[in-house]
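Engineer: would you be able to build a 3D model of this:
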Amino acid sequence: MKKISILFVFSVFQAAALAAQTGPAFSQLGAMSLAAKSDIGLMLPDASAVPRIKKILIIFDTQTGRSHAVTPVSGGFIYASNGQFVPAVYNGSGYILQTGQYWPIVGGQRGMRGVNPPAEGRWGAILKKTLAYGIFTEDDGEIPASRYLQDIAGPNDGSHKADYFSVWGYTNMEGAFFPDFVTMVSENWEVTPDGNWRIDQWLHWVGLDGVAQKATHAVITEAMKGQILDMQTETLAGGDPRAVENRNGLIEKWYLYSPVKR
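Structural biologist: As a prediction, this is how the structure comes out:
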C-alpha cells in the first residue's frame, strides 16, 4: 500500500471544506494507506438501530483539520463517538463554537436514510458487496470510517495497477457502521528511467445513489522514499466524457470482482 492516495485525497478534502463549506463530499479519500490499519471485522448494524439516530452530520474542525460525526441537539451537538455534548450555534451550514471557531458541515445531510444501499442494479450490488466483505477501518479523528475493496495487480516495488472502492461513513457508540458516500480510486504505478514513481490516478466522488459528483485526474511524480516531486491535477465534472468513461469501466470491474469472504 502506498501513501500517496490518502494524502492527496485528504489535502483536497481540506481545501474543499474550507473553500466551499458546502456539500457532503470529503474530497480525496482513497483507501490506499488505510490497509495498514487493523481489520476490525464485520460490524454491520441491525436495521433496528437506525431509528435511534435522529440525524448524523459530519463537521470539519478548521483548526485541526479533523472531521467528526455528530448528532445535532438543542444548543449544540453531541459527538457520535463518545456522547460528549458541545455547546454551539447552528447557522444553517455549520456550527459556531463558544470559542468563535466555525466548523462547516461537510457530510451526512444526504444518504442517511438507513444502512441499506438505496441504489439498485450494478451499483447497488457493488455497495452491498463492499459493506459485506470490505476491509473495515475506524475513524481515526482525521479520516472517516470506511469499508473498502482493493485490487492490486503487480509487485508493490515495481510497475503495478491499484484500484480501490471505498464506502465512507461513521460508526456510532455501539460500533455500527453507517455509510455516507463513495470514492473510487484507480492508479497506474510505473517506475521511471530515473528511478522515481510516475502515478496516473483517477479519483471519483459518488453518492450512495450512484450519482457522480465530480472526478479528479492526477499525474504524480514521487520518489521511492515517498517525497512528492511533482503533481499535476485536473478536476472534472461528474458528467465529463473522460470521467464517465473511466468511471463506467471501474463500475464494470467492481461489479465482476469477487472479494475475499471475511
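
Engineer: low-confidence ranges, the stretch 101-250 of the chain, go.
Structural biologist: In the predicted model, the stretch 101-250 of the chain carries pLDDT under 70 at residues 108-120, 140-142, 173.

Engineer: try 90
Structural biologist: 101-121, 137-145, 156-158, 168-181, 207-214, 224-228, 238 (pLDDT under 90).

Engineer: strands of that one, start to end?
Structural biologist: When secondary structure is read from DSSP state E, counting those that start in this stretch, the stretch 101-250 of the chain shows strands at 102-107, 135-137, 145-153, 160-171, 177-191, 197-207, 212-222, 228-237.

Engineer: gap between Thr171 and Val70?
Structural biologist: For Thr171, the distance to Val70 under the criterion Cβ to Cβ, to the nearest Å works out to 13 Å. C-beta coordinates here come from the backbone N, C-alpha and C atoms, glycine included.

Engineer: which neighbours do the two share?
Structural biologist: Taking Cβ atoms under 8 Å, 6 or more residues apart in numbering as the contact definition, Thr171 and Val70 share the neighbouring residues Ala80.

Engineer: tell me which of the two has more neighbours.
Structural biologist: For the pair Thr171 and Val70, the greater number of neighbours falls to Val70 (26 against 20), based on other Cβ atoms under 10 Å.

Engineer: hang on, that one in a helix?
Structural biologist: No: according to DSSP: H, G, I helix; E, B strand; the rest coil, Val70 belongs to no helix; its state is strand.

Engineer: residues near Gly175, how many?
Structural biologist: When neighbours are counted by other Cβ under 10 Å, Gly175 registers 13.

Engineer: wait, I meant Gly226
Structural biologist: With neighbours defined by other Cβ under 10 Å, the count for Gly226 comes to 11.

Engineer: how much space between it and Ile199?
Structural biologist: Per Cβ to Cβ, Gly226 is found 12 Å from Ile199.

Engineer: over to Tyr102?
Structural biologist: In terms of Cβ to Cβ, Tyr102 sits 35 Å off from Ile199.

Engineer: so Tyr170 bridges to which residues?
Structural biologist: Phe178 (DSSP bridges).

Engineer: pretty sure it sits against Ala145.
Structural biologist: Yes: counting by Cβ atoms under 8 Å, Tyr170 does reach Ala145; the two are 5.7 Å apart.

Engineer: I'd like the distance between Ser146 and Ala132.
Structural biologist: As for Ser146, its distance to Ala132 is 14 Å (criterion: Cβ to Cβ).
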